[in-house]
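> Quick one, what's the 3D model for this:
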Amino acid sequence: MMPLYCVGSSTLPLWAAVIAILISGCAALPQSKDTQPKDEPKSASSTQAQTNTQAIAPSAPVMQDLARTEPVTSAWAFLERALDAEAAQAQLLFLASAQRFLQAMRLEQAEIILNRTQFLNANPWVVRQHTLLRAALALARKNLPKARGLVARAENTELDDGQWFLVNDLKLQILFAEKNPIEALNLINTLSLDNRSGADVEALLARVFDALSMLTLQERNLLKQHPDIAEDSLAWLELVQIISASAWALQTLRLDLDDWSARYPGHRATPLRREFRPASCASPTPASIALLLPMTSAYSKAASAFNDGFMHLHNGDHASSRPVVSLYDFGDDINTIGEVYQAAVEAGADLVVGPLGRDAVASLVTQSTLSVPTLLLGSSNTERTPNAFFIDLSRRSEALSLVTHARARGLENALVLYTLTKANKAAADTAVQAWQDQGGQITDTVIVDSTRSDFSEMISRMLSLSQIEAQTNALQNTLGDTLPLVVVPRIRRDLDVILLFADQKTARLLKPQIDFHHAGKLPIYSQNTVFTGTPDPVNDLDLEGVLFSDMPWLVRRTGRFERSDKMLTVAGHYQGSGVDRLFALGMDAYRLGCEIQTMSDDSTRQVSGASGTYFLQGGDIEKQPDWVIFRQGIPEPFAPVISR
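Next comes the predicted model:
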């Protein structure tokens, strides 16, 4: 079989067929009779020089891991560039394309490239990378013995930084998948981390912490009693237990984490301890915090939930020196919000949290000078002003996060669907602009009529199936009945992701029909409007494969997100409703308020909260949510085997 990087003009029709197969994912490339697929490409060091004029022995390229150095380039873009590249560069481009498909969890496309593309005189880096990507594919297919064997084959002292990370990340995933956390802990404890990228180290530590947090308390206790457990491994389990048990009781959490640090000084997990240890609001003279909420308004339920979450963390803080909290109700009258704010400051507020709501935030920022640090709970789509710290709650912010996540997976050509509500149209418009700003292509935008239940005609049109059907009918009319045509429908080729902005009911109707029309393997992104907060496995089977972001408080149920009896007493009546998100946000607002008061202008801080992970730098607050995907009707963590 001719290597794909040797394709010339005479074989372009064959390459077009390859692309069609990759897009549809419904077939594999035919194998020639005289060439069998090999487990590995042959290394230049172990292969005789080729006499074929197309077999050029490449010198080692300077930039090898293109998927890592070009994080927003799509799999299709890498493939297209491979067609015009010389042999050595084409090898790297095909590997980058396969890696990007793995990141997008498009396993069939990755498998076709890895199994059917041949490499002549590949350099050792290419051989190792090909092996590691095949290991990742085997892991994604849950073939653990094969994945373990391939990782072992690739592991050696010549690994560059990217391959070092990939080897160890895959090894950790395999060990946890094999239910062997003891060996996983031994691995992370003995790894040499000197001169390694901070981002790579953080990712490996997070991999271990998250996997241990997924275990039940009983499972962690059994591990503690394991006869072969090392002291450093025991420290990991104790850290996870401390954070799981006391995450929302701040003073207890501080004391327990400080005690852990004293017992395990210099432990490898110490950076995680710093991430979870809350800043103290305590001071010799207790600070004063003003809460500005619309308690007597149409949004009273949301405001009450936020207040309850805020006060829950406040009540668990240091009793003698926690801040004094005063509640200011501005009701429905956002025009007086400036006067309410000024009254709070004159009463001695050191920090203002609120107002809650996009319009109230906009009114305050335009009307008033913020004279004390102010944590604003609404859209940040306003002019920056001193003392302003935004937690952006808007659908616009969620749409931007969606675009960033999808583009980071190398998805490039998007079809945008939205129902014609003000919020969904605004989110769709934001996504379209951001997608194009980040170098992506919008293939089409389609308005979904939410009053209908049958979307067959719309889907056929947007996927170009109706055009294929018309062409088939015309050809059948020409041929007559003597030669019946059998055509397997194939969706348009300029599409690799769907962005859906709709309510839950419409999404449940639309997704099965998209699947029926041969587009079920396309990634589909939506917003958390498709999830109420209560798992509904029967009805949400219709959302199988839909990706969305949400607060950890709603989509996790293990570790620190297990609902204790005490937490259920405080917040149980919010569980399963939309306002549960406001309770989680209220808890995080208390922590962020304390962080704001203690941070210097040039410092950075990461806060792992209930509503997301927050990154604070200067006056900016960036929130990173959890990404989940519906599997068997349940939102599960979206965790590609190659995540970065």
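
> how about the strands in the stretch 251-400 of the chain?
Ranges of strands within the stretch 251-400 of the chain are 288-293, 324-329, 351-356, 374-377, 388-391, based on DSSP state E, counting those that start in this stretch.

> Give me the sheet partners of the third one and which way each runs.
Translated: strand 351-356. Strand 351-356 has the following strand partners under DSSP bridges: strand 288-293 (parallel), strand 374-377 (parallel).

> would a markdown table of these with mean neighbour count be doable?
For glycine as for every other residue, the C-beta is placed from the backbone atoms N, C-alpha and C. Formatted as a markdown table, the entries for the strands paired with strand 351-356 read as follows, by neighbours: other CB atoms under 10 Å:
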| stretch | mean neighbour count |
| --- | --- |
| strand 288-293 | 26 |
| strand 374-377 | 26 |
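
> Dump those to TSV, plus distance to residue 505 and mean pLDDT.
Listed next are the strands paired with strand 351-356 as TSV, based on distance: least, CB to CB, whole Å; pLDDT from 0 to 100:
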stretch	distance to residue 505	mean pLDDT
strand 288-293	31	95
strand 374-377	28	94
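
> re earlier: could I get the strands of the stretch 251-400 of the chain as a markdown table with distance to residue 269?
Shown next, in a markdown table, are those (distance: least, CB to CB, whole Å):
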| stretch | distance to residue 269 |
| --- | --- |
| strand 288-293 | 32 |
| strand 324-329 | 33 |
| strand 351-356 | 31 |
| strand 374-377 | 30 |
| strand 388-391 | 28 |
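
> Point out the one among these that comes closest to residue 79.
Taking CB to CB, strand 388-391 is the member of these nearest to residue 79, at 40.2 Å.

> Show me what that closest one is packed up against.
Judged by 3 or more CB pairs under 8 Å, 6 or more residues apart in numbering; DSSP states H and E, the packing partners of strand 388-391 are strand 374-377, helix 580-598, strand 620-624.

> re the thing from before, nearest to residue 190, out of the strands paired with strand 351-356?
strand 374-377 (42.5 Å).

> show me where the stretch 401-550 of the chain has strands.
Counting by DSSP E, counting those that start in this stretch, the strands of the stretch 401-550 of the chain are 413-419, 441-448, 497-501, 524-525, 546-550.

> roughly how far is the longest one from the heart of the chain?
Computed by CA atoms, centre = their mean, to the nearest Å, the chain-centroid distance of strand 441-448 equals 23 Å.

> strand partners of that strand, parallel vs antiparallel please.
Here strand 441-448 is paired, per DSSP bridges, with strand 413-419 (parallel).

> Over to the shortest one?
Taking DSSP bridges as the criterion, strand 524-525 sits next to strand 497-501 (parallel), strand 546-550 (parallel) in its sheet.

> Give me the angle between the last one and strand 620-624.
If I follow you right, that is strand 546-550. Strand 546-550 and strand 620-624 are oriented at 140 degrees to each other (axes from the mean of the first three to the mean of the last three CA atoms, to 10 degrees).

> could you check the angle helix 580-598 makes with strand 546-550?
With the same axes, to 10 degrees applied, the angle from strand 546-550 to helix 580-598 works out at 50 degrees.

> and the next element down the chain from strand 546-550?
Scanning forward in sequence from strand 546-550 by DSSP states H and E, the next helix or strand is helix 552-555.

> May I have that following helix as PDB, with CA atoms only?
Extracted in PDB, the C-alpha atoms of helix 552-555 (Å, rounded to 0.1, in the frame of the first residue of the first chain):
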ATOM      1  CA  PRO A 552     -19.200  20.200  39.900                       C
ATOM      2  CA  TRP A 553     -21.800  20.700  42.700                       C
ATOM      3  CA  LEU A 554     -24.500  19.300  40.300                       C
ATOM      4  CA  VAL A 555     -22.600  16.700  38.200                       C
END
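
> who touches it?
Residues outside helix 552-555 that contact it (CB atoms under 8 Å, 6 or more residues apart in numbering): 528, 531, 533, 561, 580-581, 583-584, 609-612, 625-626, 628, 635, 637.

> quick check: domain ranges of this protein?
4-178, 288-393+560-624, 396-551+628-637 (automatic domain parsing).

> Check these for me: which has the lowest mean pLDDT.
Note on the domains of the chain: domain 4-178 shows the lowest mean pLDDT, a mean of 73.

> Run a quick neighbour tally on the closest residue to residue 199 other than its chain neighbours.
Ranked by CB to CB, 6 or more residues apart in numbering and with sequence neighbours excluded, the top spatial neighbour of residue 199 is residue 644, at 7.9 Å. Residues within reach of residue 644, counting by other CB atoms under 10 Å, total 15.

> Then residue 598?
The burial count for residue 598: 12, using other CB under 10 Å.

> My guess is it contacts residue 279. True?
Yes: using CB atoms under 8 Å, residue 598 makes contact with residue 279 at a distance of 4.8 Å.

> For residue 275, grab the count of nearby residues.
By the measure other CB under 10 Å, the count of residues near residue 275 is 18.

> What distance do you get for the spatially closest residue to it that is not a sequence neighbour to residue 405?
Distances taken as CB to CB, 6+ apart place residue 606 nearest to residue 275, at 5.2 Å, with adjacent residues excluded. Distance of residue 606 to residue 405, computed by CB to CB, to the nearest Å: 18 Å.

> So which of the strands paired with strand 524-525 is nearest residue 350?
strand 546-550 (32.6 Å).

> Mind telling me what element residue 167 is part of?
Here residue 167 is assigned to helix 161-177, by DSSP H and E.

> ok, now which ones touch residue 422?
With contact set as CB under 8 Å, 6+ apart, residue 422 has no partners.

> can I get the strands paired with strand 351-356 in JSON lines with distance to residue 159?
Conversion of those to JSON lines gives the following (distance: least, CB to CB, whole Å):
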{"stretch": "strand 288-293", "distance to residue 159": "50"}
{"stretch": "strand 374-377", "distance to residue 159": "45"}
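
> tell me which residues of the helix holding residue 167 are tucked away?
Within helix 161-177, the residues scored as buried using 16 or more other CB atoms under 10 Å are 162-177.

> Columns distance to residue 258 on top of the domains of the chain, output as a markdown table?
As requested, the domains of the chain are arranged in a markdown table below (distance: least, CB to CB, whole Å):
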| stretch | distance to residue 258 |
| --- | --- |
| domain 4-178 | 28 |
| domain 288-393+560-624 | 13 |
| domain 396-551+628-637 | 28 |
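
> what about the stretch 151-300 of the chain, any weak spots by pLDDT?
The model of the stretch 151-300 of the chain has pLDDT under 70 over residues 157, 282-286.

> I am finished for the moment; much appreciated.
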